[in-house]
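Colleague: Curious how this folds, go ahead:
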Amino acid sequence: MNNFNELINSNTPVLVDFFADWCGPCRYQAPILKEVAAQVEGLARVVKVDVDRNPAVAQAYGIRGIPALIIFRNGKVVWRASGVKQASELVAELTKAAA
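Modeller: Numbers count the residues shown, from 1 in each chain. Okay, here's the model as predicted:
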């Protein structure tokens, strides 16, 4: 949890994808997130958190369904959604969070 807190307490926006290996929609979201990471390189970060391996982090942020996506900036939640999201929406939200 300490490493996670260090990661999200950045002035650079961080998109966190809460996922699990067994989750079908999460597997669909994965290549979209790779595309987003390439588009926002230098502007924001994209990281993945496996809810099965990190249950305390998932519980701390009230993750009930996956995929769940949260954008953090300076340790605060600035955007949150669940379900599969398209690259254009995620890039727009990260750009807004970085402004």
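Colleague: most centrally placed residue in the chain?
Modeller: For the chain, the residue nearest the mean C-alpha position is residue 16 (1.8 Å; C-alpha atoms, centre = their mean).
Colleague: For that residue, list the residues it contacts.
Modeller: Taking C-beta atoms under 8 Å, 6 or more residues apart in numbering as the criterion, residue 16 is in contact with 8, 47-49, 69-72. C-beta coordinates here come from the backbone N, C-alpha and C atoms, glycine included.
Colleague: Narrow the residues you listed to those in helices?
Modeller: residue 8 (DSSP state H).
Colleague: which one among the contacts of residue 16 gets closest to residue 79?
Modeller: residue 71 (4.1 Å; C-beta to C-beta).
Colleague: can you list the residues that contact the helix or strand bottoming out on mean pLDDT in the chain?
Modeller: One helix or strand of the chain scores below all others by mean pLDDT, DSSP states H and E: helix 2-8, with a mean of 83. The contact list for helix 2-8 (C-beta under 8 Å, 6+ apart) reads 14, 16, 45, 47, 49, 54, 57, 72, 75.
Colleague: 7 Å - rerun?
Modeller: 14, 47, 57, 72, 75 (C-beta atoms under 7 Å, 6 or more residues apart in numbering).
Colleague: The closest residue to the second one other than its chain neighbours: what secondary structure?
Modeller: Right, the one you point to is residue 47. Excluding its sequence neighbours, the residue lying closest to residue 47 (C-beta to C-beta, 6 or more residues apart in numbering) is residue 16, at 5.5 Å. Following DSSP: H, G, I helix; E, B strand; the rest coil, the label given to residue 16 is strand.
Colleague: mind checking how far residue 16 is from residue 98?
Modeller: 15 Å (C-beta to C-beta, to the nearest Å).
Colleague: Now do the strands in the chain.
Modeller: Here the chain has its strands, by DSSP state E, at 14-19, 45-50, 68-73, 76-82.
Colleague: In a markdown table, list those strands along with distance to residue 29 and mean pLDDT.
Modeller: Output for the strands of the chain, formatted as a markdown table (distance: least, C-beta to C-beta, whole Å; pLDDT from 0 to 100):
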| stretch | distance to residue 29 | mean pLDDT |
| --- | --- | --- |
| strand 14-19 | 7 | 97 |
| strand 45-50 | 9 | 95 |
| strand 68-73 | 8 | 97 |
| strand 76-82 | 11 | 96 |
